[in-house]
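In: Got a predicted structure here, sequence first:
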Amino acid sequence: MATTGKSAAISHVGKVRANNQDSGYAGTHLFVVADGMGGHAGGDVASAIAIKRIVETDREYTSAEDAEYALKSALLAANAQLAETVFEHTELTGMGTTVSAILRVGSKIALAHIGDSRIYLLRDDELSQVTADHTFVQRLVDSGRITQEEAAVHPRRSVLMRVLGDVDSSPEIDTTVLEVRPGDKWLLCSDGLSSYVSDERIAAILREWKAPRDAADRLVRESLDAGAPDNVTVVIATVDDGDSSASSPTVLVGSAAAPLSFEPEVSRRPLRLPTLLLHPLRPTPPEPEHFEPESEEYLDELILEDRRRARNRRIAWLVAIALAAIALAVALVLAYQWTQTRYFVGATGQTVAIYQGVQADIGPLSLSTVYEETSITLESLPSYTRQTVEGTISADSLAQARAIIDRLSIVSSD
Ligand code: CA
């Protein structure tokens, strides 16, 4: 019976956000992360309320199915509690939270999940993502509309399709029961980790580090090194052979670890301005948002809107390129027309001629043509004059060019 293990939980505000809206818990049987959202107030309240309610399920169960049921019930109860809180504190309207939780029962775990926090499992050195993101972009990936790579930079990547909050009285929660094995390393994290640290790095760190606390430290450090634009929360639980009796102490981290306060963060947190000043170049990640789930029509509408926007952007680009091309063409025509008001005297073969244009070539394009040939031969000119003609003599007008020819004919010996 693989019932024991070590665990660790760390939550960091990150380098950009003013407050920590994540919460995490590593207990005896239960491990949870919750990532709150709610604009400038409420996100921290939402994740704290959810975690505090779900923590009540941290006890022994006779079966994993019982634990699964208890977890699901706790998430639904947390959802109802969030709605009640919003009812009493209307300024918190729109707050919500993700929850990803595992509850260990003997050689099994019960899992409950809603939102875009993630549960990973490292087993036999292979990392797998156990949960699916309940995001708009994941839907697009699942339906083959975009690739995973496109999803990572999609403008709507922070839009959640499902969360606990005041929106839906019966949110769709994923639950399952899975086998655990000695040597398993279970990682629960908020998107502050998974959006900024690659699965490859996560896998490498989990493989490398034996102690959960070290691995958690390393993972948070990795996110900080990547700029940590978002709150980052990491909970790690390992599964041992069962002969280890000392399990890790229970840890509560993030906003759930602080006293619950319903004041809007603007009055509570004067830190926002200095934070922005300290990191003026670091963009804050898009605030997570949630829209009324679950209608397919609305999803289709959003996809259409995204396509419209993409098309409009393309059209704007094409128009800009076309306008630039037209401006360039007009400038070239005007420049060419100006060159054709100019004349010069030069040699064509062995005789002197008046040229129209300027003595320059653009690639194969010559900007001058012979306008008028004369009977004056180069041979007939004094050597200095001949060299001058060969080097060309520019004229402001046709009349001036003809005057030059008149002077040449005087010095000509023909
Ligand atoms: Ca987040």
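Out: Arrived safely. Numbering: from 1, shown residues only.

In: Local confidence estimate at the most centrally placed residue in the chain?
Out: Taking C-alpha atoms, centre = their mean, the centroid of the chain lies closest to Val153, which sits 3.8 Å from it. Here, the pLDDT recorded for Val153 equals 82.

In: Please compute how far the helix or strand containing Asp306 lies from its chain's middle.
Out: For Asp306, the host element (DSSP states H and E) is helix 296-339. Taking the mean C-alpha point of helix 296-339 and that of its whole chain, the gap between them comes to 24 Å (C-alpha atoms, centre = their mean, to the nearest Å).

In: C-terminal to it, what's the next element?
Out: Following helix 296-339 in sequence order, the next helix or strand is strand 343-348 (DSSP H and E).

In: what helices or strands is that following strand leaning on?
Out: When contacts are defined as 3 or more C-beta pairs under 8 Å, 6 or more residues apart in numbering; DSSP states H and E, strand 343-348 packs onto strand 351-362, strand 365-377, helix 383-390, strand 393-395, helix 398-411. Where C-beta positions appear, they are placed from N, C-alpha and C, glycine not excepted.

In: Residues touching it, excluding its own?
Out: Taking contacts as C-beta atoms under 8 Å, 6 or more residues apart in numbering, the residues outside strand 343-348 that touch it are 352-359, 368, 370-371, 373, 378, 389-390, 392-398, 400-401, 404-405, 408.

In: Would you mind checking those residues for buried ones?
Out: The neighbour-count test (16 or more other C-beta atoms under 10 Å) marks 352-358, 368, 378, 389, 393, 395, 401, 404-405, 408 as buried among the contacts of strand 343-348.

In: Which segments of this protein make up each domain?
Out: The domain map for the chain lists 3-258+273-291, 296-333, 343-413, with the assignment taken from automatic domain parsing.

In: and the residue of the stretch 1-150 of the chain nearest the ion?
Out: Shortest the stretch 1-150 of the chain-to-the ion distance, computed as C-beta to the ion: residue-wise this is Asp35, at 4.4 Å.

In: Identify the bridge partners of that residue.
Out: Asp22 (DSSP bridges).

In: That one and Thr4: what is the separation?
Out: Computed with C-beta to C-beta, to the nearest Å, the distance linking Asp35 and Thr4 is 28 Å.

In: Compare neighbour counts for the two and give me the winner.
Out: Remark: of Asp35 and Thr4, Asp35 carries more neighbours, 32 against 19, as counted by other C-beta atoms under 10 Å.

In: Give me the pLDDT value at the more buried one.
Out: Note for Asp35: predicted pLDDT of 95.

In: Pro293 too?
Out: Reading off the per-residue confidence, Pro293 sits at a pLDDT of 48.

In: what do you get for Arg268?
Out: pLDDT recorded at Arg268 is 41.

In: What of Trp338?
Out: 89.

In: And for it, the neighbour number?
Out: Other residues close to Trp338 by other C-beta under 10 Å number 11.

In: Kindly provide the distance from it to Val345.
Out: 19 Å.

In: Likewise for Glu305?
Out: With the distance defined as C-beta to C-beta, Glu305 ends up 67 Å from Val345.

In: Next up, the contacts around Lys185.
Out: For Lys185, counting by C-beta under 8 Å, 6+ apart, the contacting residues are Leu121, Leu122, Arg123, Leu206, Pro212, Ala215, Ile236, Ala237, Thr238, Val239.
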